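A.B. asks: Build me a structure from this.
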Amino acid sequence: MLIELSIVNAVNLFMIAAGFGICLLSIIQISKAPIEKQVKGYFIVFLWIVIIYIMMNLTRIMLEGHMEAGIEIAIRTATFIDFLMSGVLVFLLSVMIIYTALPGKGSRSIMIALLSILAVHTVMLVISSYTDLYYYIDANNHYHRSKLYILSNICPLVMMLQDAYFLVKFRDKFEKRVRIAFWIYLLAPLAAILLQTALPDVKFIIFATVSAAVNMFAVITNDLTDKFEKQQLEASRLDTELSMATRIQADMLPSIFPAFPERDEFDIYATMSPAKEVGGDFYDFFLIDEDHLGIVMADVSGKGVPAALFMMASKILVQNYATVKKDPKAALEAANNQICQSNHEEMFVTVWLGILDIKTGVLTASNAGHEFPVLKMPGGGFKLYKDKHGFVVGGMEGVKYSSYQVRLEKGSMLFLYTDGVAEATNASDELFGTERLINALNADTLEDPQKVLECVRKAVDGFVGEAPQFDDLTMLCIKYNG
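C.D. replies: Numbering: from 1, shown residues only. I've put the predicted structure just below:
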């Protein structure tokens with residue numbers, strides 16, 4: 001089957017071939033662009049519809065003028081698909097504009113209206129395929145427009161007018177270059193239609209549609225790529241800052257062991273594993289004087305950077321007041337009042353604070369809503385010590401706390417932890433729990449605080465398996481040597 005040779009057909013074929021090639025190149029370029037997968041897929045679908053639209057015009061050119069049986073049906077089918085793709089292209093453009101101008105639920109009613117217009121357009125095309133409403137095929141299988149041809153553009157024109165309205169009304173929501181690209185895509189087909197009134201056989205509409213569509217997607221892709229690269233730079237900057245924050249937070253906690261190599265009256269070891277880059281848990285231990293050791297285990301409400309900042313402030317206040325007051329109860333009361341005075345975010349921290357008299361082994365402690373400590377006396381196993389809980393620190397100004405005393409004998413061990421240990425969760429949403437914690441502590445008769453923590457962590461990790469860490473996991477163990 002040969003195409004009728006003419007200058008007009010040569011021009012049309014050139015525009016079809018150029019349009020086909022440009023669309024394919026654009027599809028390849030967009031597929032490699034660093035933009036969201038969903039957006040990328042949308043763009044590629046749009047350009048493939050443009051290719052189908054081009055190929056239907058080529059099909060009609062190839063079939064016109066041939067008298068074989070079934071040619072008229074083939075021409076009518078190609079024309080139907082051609083007109084349908086024109087409407088779909090305008091609809092997809094409207095979707096892009098509307099979701100940029102009215103993201104979220106605000107666009108739902110408009111989208112329903114657009115789908116209704118596209119449905120009417122499709123029904124009219126089906127009717128025209130079996131009648132001469134829009135066009136007719138003469139006895140020589142040549143395509144001609146009917147007097148009602150203008151009706152074929154009514155529905156797409158309505159959608160284009162709506163697009164123009166949104167581009168004007170919500171112009172501030174579009175980047176300037178993107179807005180201009182949308183306008184070019186809207187106006188280029190109209191300009192092509194005017195040209196075709198003078199030269200009706202030249203497919204100016206193909207050139208206008210392809211060039212405007214490719215320009216539009218090139219601009220949008222470049223715009224999204226620029227935004228993606230800026231986001232990557234910002235994400236890289238945030239990663240750097242979070243890494244620095246992680247190091248700063250780690251440096252805030254005692255991390256050199258043995259902590260007091262010159263003191264043989266006790267051994268102490270502690271670890272903190274944040275659920276995110278930075279966490280809200282903290283532990284601390286410090287010599288108040290030659291005979292007294294301060295010990296802290298705490299858990300700030302929340303996670304991430306806010307909790308980490310609150311944690312640092314709380315740690316400094318608790319340590320300072322413990323050093324000055326030398327009494328856990330008084331230290332917590334002073335720290336609580338200080339935090340409440342400027343706690344605009346209404347965060348709080350649970351704190352267990354103990355002061356150990358190194359000479360006598362008497363441990364004076366106060367609990368502000370924290371987990372029960374675990375004690376092991378010589379000859380026995382680890383057991384929960386159910387001390388009296390006070391209110392959390394930072395929750396309400398003027399709170400009074402109570403304190404208690406426990407005498408540690410030679411060989412006694414104290415284990416402190418945050419709820420990230422007891423509430424560690426496996427893939428079946430089961431909690432590790434205090435019972436498993438006690439069993440892990442008593443699994444081996446370990447005398448080294450570091451080995452005790454390693455044993456518990458191994459038990460927690462074995463229980464949790466592949467499930468993600470939900471909360472910060474912090475532990476401390478001290479052995480009193482007398």
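
A.B. asks: Could I get the average pLDDT for the longest helix along the chain?
C.D. replies: When the chain is parsed with DSSP state H, its longest helix is helix 204-252. Here helix 204-252 scores 81 as its mean pLDDT.

A.B. asks: Which other helices and strands does it contact?
C.D. replies: On a contact count with 3 or more C-beta pairs under 8 Å, 6 or more residues apart in numbering; DSSP states H and E, helix 204-252 meets helix 7-32, helix 37-63, helix 71-101, helix 176-198, helix 304-325. For the C-beta atoms, the positions are set from N, CA and C on the backbone; glycine is no exception.

A.B. asks: Next, the angle helix 204-252 makes with the last one.
C.D. replies: For helix 304-325 against helix 204-252, the angle by axes from the mean of the first three to the mean of the last three C-alpha atoms, to 10 degrees is 10 degrees.

A.B. asks: What mean pLDDT does helix 304-325 get?
C.D. replies: For helix 304-325, the mean confidence score works out to 89.

A.B. asks: The fourth one now?
C.D. replies: Here the mean pLDDT over helix 176-198 is 83, rounded to a whole number.

A.B. asks: May I see the buried residues of it?
C.D. replies: 178-179, 181-186, 188-189, 192 (16 or more other C-beta atoms under 10 Å).

A.B. asks: I'd like the residues you listed written out as CSV, with distance to Arg407 added.
C.D. replies: Shown next, in CSV, are the buried residues of helix 176-198 (distance: C-beta to C-beta, whole Å):
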residue, distance to Arg407
Val178, 75
Arg179, 78
Ala181, 80
Phe182, 79
Trp183, 84
Ile184, 85
Tyr185, 83
Leu186, 85
Ala188, 89
Pro189, 91
Ala192, 95
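
A.B. asks: ok, so of these, who is nearest Ala270?
C.D. replies: Using C-beta to C-beta, Val178 comes nearest to Ala270 of the buried residues of helix 176-198, at 54.6 Å.

A.B. asks: so what's the closest one up against?
C.D. replies: Counting by C-beta atoms under 8 Å, 6 or more residues apart in numbering, Val178 touches 100, 219-220, 223.

A.B. asks: Just the pLDDT for the residue lying closest to Leu353 once chain neighbours are set aside.
C.D. replies: In this structure, Leu353 finds its nearest non-sequential neighbour in Pro328, 4.4 Å apart by C-beta to C-beta, 6 or more residues apart in numbering. Looking at Pro328, its pLDDT is 97.

A.B. asks: quick one: Pro328 and Leu363 touch, right?
C.D. replies: No. Here Pro328 lies out of contact with Leu363, judged by C-beta atoms under 8 Å, at a distance of 9.6 Å.

A.B. asks: so what's in contact with these two at the same time?
C.D. replies: 354-355.

A.B. asks: Between all of the buried residues of helix 176-198, which two are separated the most?
C.D. replies: Val178 and Ala192 (22.0 Å).

A.B. asks: hmm, what's the outermost residue in the chain?
C.D. replies: Computed with C-alpha atoms, centre = their mean, the residue of the chain farthest from its C-alpha average is Ala139, at 61.6 Å.

A.B. asks: So that residue belongs to a helix, correct?
C.D. replies: No. Applying DSSP: H, G, I helix; E, B strand; the rest coil, one finds Ala139 to be coil, outside a helix.

A.B. asks: Would you mind measuring from it to Ile71?
C.D. replies: Ala139 sits 12 Å away from Ile71, going by C-beta to C-beta, to the nearest Å.

A.B. asks: Check Tyr385 too.
C.D. replies: 94 Å.

A.B. asks: what's the helix or strand for Val406?
C.D. replies: For Val406, the element it lies in under DSSP states H and E is strand 404-407.

A.B. asks: hmm, who's touching that strand?
C.D. replies: Taking C-beta under 8 Å, 6+ apart as the rule, strand 404-407 contacts 360-366, 375, 385, 387-388.

A.B. asks: Ser273 contacts Phe470, correct?
C.D. replies: No. No contact is recorded between Ser273 and Phe470 when judged using C-beta under 8 Å, the distance being 11.9 Å.

A.B. asks: okay, and the common contacts of those two?
C.D. replies: Contacts common to Ser273 and Phe470, judged by C-beta under 8 Å, 6+ apart, are absent.

A.B. asks: Low-confidence bits of the chain, can you list those?
C.D. replies: For the chain, the stretches with pLDDT under 70 are 1-6, 104-106, 196-197, 200, 276-278.

A.B. asks: can you list the domains in it?
C.D. replies: Split into domains by automatic domain parsing, the chain comes to 7-233, 254-480.

A.B. asks: measure the first one end to end?
C.D. replies: In terms of C-alpha to C-alpha, to the nearest Å, the two terminal residues of domain 7-233 are separated by 53 Å.

A.B. asks: likewise the last one?
C.D. replies: Length of domain 254-480, first residue to last, C-alpha to C-alpha: 19 Å.

A.B. asks: Can you select the buried ones from the contacts of strand 404-407 in ChimeraX?
C.D. replies: Selecting only the buried entries of the contacts of strand 404-407 in ChimeraX, with 16+ other C-beta under 10 Å as the criterion:
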select :361,363,364,365,366,375,387
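
A.B. asks: Quick check: the two most widely separated of the contacts of strand 404-407?
C.D. replies: Thr360 and Lys388 (22.3 Å).

A.B. asks: which residues touch Asp82?
C.D. replies: 53, 56-57, 60.

A.B. asks: Out of those, which comes closest to Asp429?
C.D. replies: For the contacts of Asp82, the nearest to Asp429 is Tyr53 (52.5 Å; C-beta to C-beta).

A.B. asks: Distance check, the nearest residue to the closest one once chain neighbours are set aside against Ile51.
C.D. replies: Excluding its sequence neighbours, the residue lying closest to Tyr53 (C-beta to C-beta, 6+ apart) is Met85, at 4.0 Å. Noted for Met85: a distance of 9 Å to Ile51, by C-beta to C-beta.

A.B. asks: Name the residue in these two with the higher neighbour count.
C.D. replies: Met85 (20 against 17; other C-beta atoms under 10 Å).

A.B. asks: pretty sure that one is touching Met56, no?
C.D. replies: Yes. Here Met85 reaches Met56: they are 6.9 Å apart, a contact under C-beta under 8 Å.

A.B. asks: so which of the helices and strands packed on helix 204-252 gets nearest Ala213?
C.D. replies: helix 37-63 (5.4 Å).
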